[in-house]
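Visitor: Next comes the sequence, and after it the predicted model I'd like to discuss.
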Amino acid sequence: MNHKIDTSKDIPYIEGFMMKNIITLFITIIFTVMTLDAVQEREYKVAIFDFDVRERNQQTVAKYIEKQLKNTGLKFKKIEHFTGRDSEITSLRVLKKLDEKSYDLIITITSDSMVPATHALKKTPWLFTNINNPRFFGIRDALNPGDKKSGVTYYVPVIQQIKFFNQVMNKKLKKVGVIFDYYAQSRRAELVEFREASLKLHIKYEIKLIKKVDEYRTATKELLDENVEAIIITSSGKLYDNIDKVIDLSNAKKVPIFSVNKKGVANGALSAIASDYYKMVDENLIPMAIDVLKNGNNPGEMPVQHLEKPFIYLNLTQAKKLGLEISEELKQRVSKKY
């Protein structure tokens, strides 16, 4: 016996069910599109903080960071610049105020900014750049910095730097003089490392700290009187910018000045092995900023980064004045010659 099933009564139910699902799907699509548009249209607030006072028309890393952020395609409600005016107290005050103003990201520049930022920034995600060895600034685990912070270091181990300087001098370096800016926060990191590296390499060292520019010449003369075979100037714009005040003294004794920053080489130092601040922005800092802003990642869970290959800077004009022969192998490795 054949039984026919009458489905005519189910048609309204089926049509209603389908219509309900179509409407639900349509609403979901509209909501998804609106949500994506909202995400795409979100405008971010970023503060860029530099410890130092820069000249208004000077090309700076801070301005470059702003330019490269805008080139990411993200939209910004504001990108604002702040300075600590060369003062730790002012820096702390400014950074504490920034931490209360609901910025999506704060970016700090230089080791001198790193110290007050570590104390002042508690709520806002932040990234640092242009800092020395992060270990000396409260970051024990570079793979997991914590406290909503991470960033980029220009750090090149001091022992690697001294080995390189010795190579430039054809491995004849036996005694080195090192000049520090007393007020540079990076001194706290570099001073210990220069001592340790010199001892490991069996190179004697003499250390001078200067507080004022007019002490630079005196410190250089004292080192030369101690018969150092090279002078290393450490992380400080005060030292890089005023090499002209001491270069005649070192040239007269045929003693090269080495730098831990390319700016020193451009101003008369013989050589430096260092990171390029602008390349650090491109290769490291900007991708990290995108991860924080667009993807919502916590900087504290992002490893501290650095350039894989530091640059070598060499002043061949200065080498000629010193009567120093530079090997062809070394010349081939140089990133920039002066």
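Guide: Great, that's in hand. Numbers count the residues shown, from 1 in each chain.
Visitor: Count the residues that sit near residue 254.
Guide: Close neighbours of residue 254, defined as other C-beta atoms under 10 Å, add up to 11. (C-beta placed from N, C-alpha, C; glycine too.)
Visitor: Not counting its neighbours along the chain, what's nearest it?
Guide: residue 322 (5.3 Å; C-beta to C-beta, 6 or more residues apart in numbering).
Visitor: which sections of the stretch 51-200 of the chain are below the confidence cut-off?
Guide: Filtered on pLDDT under 70, the stretch 51-200 of the chain yields no residues whatsoever.
Visitor: Could you rerun that using 90?
Guide: The stretch 51-200 of the chain contains residues with pLDDT under 90 at 54-59, 111, 132-142, 155-157, 183-193.
Visitor: Which stretches in it count as strands?
Guide: Assigned by DSSP state E, counting those that start in this stretch, the stretch 51-200 of the chain shows strands spanning 75-83, 105-109, 126-131, 149-153, 175-181.
Visitor: Make a markdown table from these and add mean neighbour count and distance to residue 41 to it.
Guide: A markdown table is the format used below for the strands of the stretch 51-200 of the chain (neighbours: other C-beta atoms under 10 Å; distance: least, C-beta to C-beta, whole Å):
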| stretch | mean neighbour count | distance to residue 41 |
| --- | --- | --- |
| strand 75-83 | 15 | 7 |
| strand 105-109 | 27 | 18 |
| strand 126-131 | 27 | 24 |
| strand 149-153 | 26 | 27 |
| strand 175-181 | 22 | 46 |
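Visitor: Might one say that residue 72 is in contact with residue 286?
Guide: Yes. Residue 72 is in contact with residue 286 according to C-beta atoms under 8 Å; the separation is 6.5 Å.
Visitor: More neighbours: these two, which one.
Guide: residue 286 (19 against 14).
Visitor: Report the separation between that one and residue 247.
Guide: For residue 286, the distance to residue 247 equals 36 Å [C-beta to C-beta, to the nearest Å].
Visitor: next one: residue 332
Guide: From residue 332 over to residue 247 (counting by C-beta to C-beta), the distance is 27 Å.
Visitor: number of nearby residues for residue 67?
Guide: Neighbours around residue 67, by other C-beta under 10 Å: 11.
Visitor: if I look at it, how far off is residue 158?
Guide: Distance from residue 67 to residue 158, by C-beta to C-beta: 32 Å.
Visitor: next one: residue 260
Guide: Here the distance between residue 260 and residue 158 works out to 8 Å (C-beta to C-beta).
Visitor: can you list the residues that contact stretch 209-217?
Guide: Here stretch 209-217 makes contact (C-beta atoms under 8 Å, 6 or more residues apart in numbering) with 179-183, 187, 219, 238-239, 242, 245-246, 249.
Visitor: Setting aside sequence neighbours, what's the nearest residue to residue 207?
Guide: Closest to residue 207 by C-beta to C-beta, 6+ apart is residue 178, at 5.1 Å.
Visitor: Cross-check the contact I'm expecting between that neighbour and residue 235.
Guide: No. Applying C-beta under 8 Å as the test, residue 178 and residue 235 come out as separate, 11.5 Å apart.
Visitor: what is in contact with residue 260 and residue 158 at once?
Guide: Counting by C-beta under 8 Å, 6+ apart, the shared contacts of residue 260 and residue 158 are residue 190.
Visitor: State the helix or strand in which the closest residue to residue 262 other than its chain neighbours lies.
Guide: Using C-beta to C-beta, 6+ apart and skipping residues adjacent in sequence, the residue nearest residue 262 is residue 313, 4.5 Å away. Here residue 313, judged by DSSP states H and E, is contained in strand 311-314.
Visitor: what element comes up after that strand heading to the C-terminus?
Guide: Trace forward from strand 311-314 with DSSP H and E and the next one is helix 316-322.
Visitor: List the buried residues for that next one?
Guide: Buried residues in helix 316-322, counted by 16 or more other C-beta atoms under 10 Å: 318, 319, 321, 322.
Visitor: Equivalent analysis for stretch 230-237, please.
Guide: Residues of stretch 230-237 classed as buried: 230, 231, 232, 233, 234, 235, 236 (neighbour count, 16+ other C-beta under 10 Å).
Visitor: now swap in stretch 326-338 and tell me
Guide: Within stretch 326-338, the residues that count as buried by 16+ other C-beta under 10 Å are 326, 335, 338.
Visitor: and which of those is nearest residue 292?
Guide: Residue 292 lies nearest to residue 335 out of the buried residues of stretch 326-338, by C-beta to C-beta, at 29.7 Å.
Visitor: where does that closest one fall, phi/psi-wise?
Guide: The phi/psi pair for residue 335 (degrees, to the nearest 10) reads phi -80, psi -40.
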